[in-house]
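Asks: Mind looking at a prediction? Sequence and model below.
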Amino acid sequence: MNIRDNKFNEFLKQSKITCFQREEIKDEMETVVFRSAMEVEGQNLPLVIVMDNSIYTNIRVQIATKVIKDTNRDEILSYMNELNREYKVFKYYVTEEGDICLDSCVTSVAEEFNSEMIYMILNVILEHLVEHYSTFMKKIWSEK
């Protein structure tokens, strides 16, 4: 039984939050994925929350897909490092495909899992993205 899943589902119902789609992975860790999107400057950024029977709950937001090029790599990586030094609750990284992602990993034993904390982190991420998304886009499309 995935206790985190049960607690988060109950929190969503009590809070009348309906923007998540729940998917059971049916693996040995009883993984459940909650999918949604964050709207930032008219863009819907894919968001997933992954919960299983480990001590980890992972939150991932896909900022942009296949955007890292030779012409923008240095400027984007420098900006990401600057943001990573400033924020502790989440970190940016680039995938092998050139996608920019933001990840947050929250640890807790299942019995101490706090759904409100997960939702608060989502709100912090959203506020951050509203503030920094346009700068990311300028750096992505820069031809320096």
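Replies: Happy to help now that I have it. Numbers count the residues shown, from 1 in each chain.
Asks: Point to the residue nearest the middle of the protein.
Replies: residue 60 (2.5 Å; Cα atoms, centre = their mean).
Asks: And the contacts of the helix or strand where that residue lies?
Replies: Per DSSP states H and E, residue 60 falls inside strand 56-64. Here strand 56-64 makes contact (Cβ atoms under 8 Å, 6 or more residues apart in numbering) with 4, 38, 45-51, 90, 92, 99-108, 113, 118, 121-122, 125, 129, 133, 136-137, 140. Glycine gets a C-beta too; all of them are placed from N, C-alpha and C.
Asks: Mind listing what's buried along it?
Replies: Along strand 56-64, these residues count as buried under the neighbour rule (16 or more other Cβ atoms under 10 Å): 57, 59-64.
Asks: partner strands of it, parallel or antiparallel?
Replies: Looking at strand 56-64 with DSSP bridges, its partner strands are strand 43-51 (antiparallel), strand 100-107 (antiparallel).
Asks: Go ahead and name everything in contact with the longest one.
Replies: Strand 43-51 has contacts (Cβ under 8 Å, 6+ apart) with 2, 4-5, 8, 20, 31-39, 57-63, 118, 122, 129, 133.
Asks: right, and the secondary structure at the nearest residue in space to residue 54 that is not next to it in sequence would be what?
Replies: Closest residue to residue 54 apart from its sequence neighbours, by Cβ to Cβ, 6 or more residues apart in numbering: residue 29 at 6.3 Å. When classified by DSSP: H, G, I helix; E, B strand; the rest coil, residue 29 comes out as coil.
Asks: residues touching residue 29, list them.
Replies: Residue 29 neighbours (Cβ under 8 Å, 6+ apart): 52-54.
Asks: Where helices are concerned, which of these count?
Replies: Using DSSP state H, no member of these sits in helices.
Asks: Now pLDDT too, for these, in CSV please.
Replies: Shown next, in CSV, are those (pLDDT from 0 to 100):
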residue, pLDDT
52, 94
53, 91
54, 93
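Asks: Among those, filter down to the buried ones and hand me the PyMOL syntax, if you would.
Replies: To isolate the buried ones among the contacts of residue 29 in PyMOL, judged by 16+ other Cβ under 10 Å, type:
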select buried, resi 52+53
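Asks: rewinding a little: toward the C-terminus from the strand holding residue 60, list the very next helix or strand.
Replies: Later in the chain than strand 56-64, the nearest helix or strand by DSSP H and E is helix 73-86.
Asks: That'll do, ta.
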